[in-house]
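[1] output the structure for:
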Amino acid sequence: MHAPAWPWVAKGDQVDVVGRYYYDSIRRQGVDWTHHGTGRSWHVPGYVTVNGTKYD
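    Numbers count the residues shown, from 1 in each chain. Okay, the predicted model is just below:
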């Protein structure tokens, strides 16, 4: 993903995330595959949109 240096998301920003949610435990969970690439386990190209700018 070609995004600006972190932190590029702030409280109050409008964000849309397409990816795969995973849950291994209460302390190990999140969203991956938020980029254009796909794989055998995830066939949907992901992306992140922040304030109308799409990053994939």
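
[2] for the rest of this, base every contact and every neighbour count on C-alpha atoms.
    Noted.

[3] residues touching the residue nearest the centre of the chain, list them.
    Compute the mean C-alpha point of the chain, and by Cα atoms, centre = their mean the closest residue is Thr34, 3.5 Å away. Counting by Cα atoms under 8 Å, 6 or more residues apart in numbering, Thr34 makes contact with Val17, Val18, Gly19, Arg20, Pro45, Gly46, Tyr47, Val48, Asp56.

[4] what pLDDT does it get?
    In this model, Thr34 is scored at 80, pLDDT.

[5] now the one 5 residues further on
    Taken from the predicted model, the pLDDT recorded for Gly39 is 74.

[6] again, but for Tyr22
    Confidence score, pLDDT, at Tyr22: 90.

[7] what do you get for Met1?
    pLDDT, Met1: 60.

[8] kindly export stretch 15-35 (C-alpha atoms) in PDB.
    Provided in PDB are the C-alpha atoms of stretch 15-35 (Å, rounded to 0.1, in the frame of the first residue of the first chain):
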ATOM      1  CA  VAL A  15     -12.400   5.600   7.000                       C
ATOM      2  CA  ASP A  16     -13.600   2.600   4.900                       C
ATOM      3  CA  VAL A  17     -11.600  -0.700   5.100                       C
ATOM      4  CA  VAL A  18     -12.000  -3.700   2.900                       C
ATOM      5  CA  GLY A  19     -10.000  -6.800   4.000                       C
ATOM      6  CA  ARG A  20     -10.200 -10.000   6.000                       C
ATOM      7  CA  TYR A  21     -11.000  -9.900   9.700                       C
ATOM      8  CA  TYR A  22      -9.000 -12.500  11.700                       C
ATOM      9  CA  TYR A  23      -9.500 -13.600  15.300                       C
ATOM     10  CA  ASP A  24      -6.900 -15.800  17.000                       C
ATOM     11  CA  SER A  25      -7.500 -14.600  20.600                       C
ATOM     12  CA  ILE A  26      -8.800 -11.600  22.400                       C
ATOM     13  CA  ARG A  27      -5.300 -10.100  22.200                       C
ATOM     14  CA  ARG A  28      -4.500 -11.300  18.600                       C
ATOM     15  CA  GLN A  29      -7.100 -10.000  16.100                       C
ATOM     16  CA  GLY A  30      -7.300  -7.500  13.300                       C
ATOM     17  CA  VAL A  31      -7.800  -6.900   9.600                       C
ATOM     18  CA  ASP A  32      -5.400  -8.100   7.000                       C
ATOM     19  CA  TRP A  33      -5.400  -8.300   3.200                       C
ATOM     20  CA  THR A  34      -6.100  -4.500   3.100                       C
ATOM     21  CA  HIS A  35      -4.100  -4.200  -0.100                       C
END
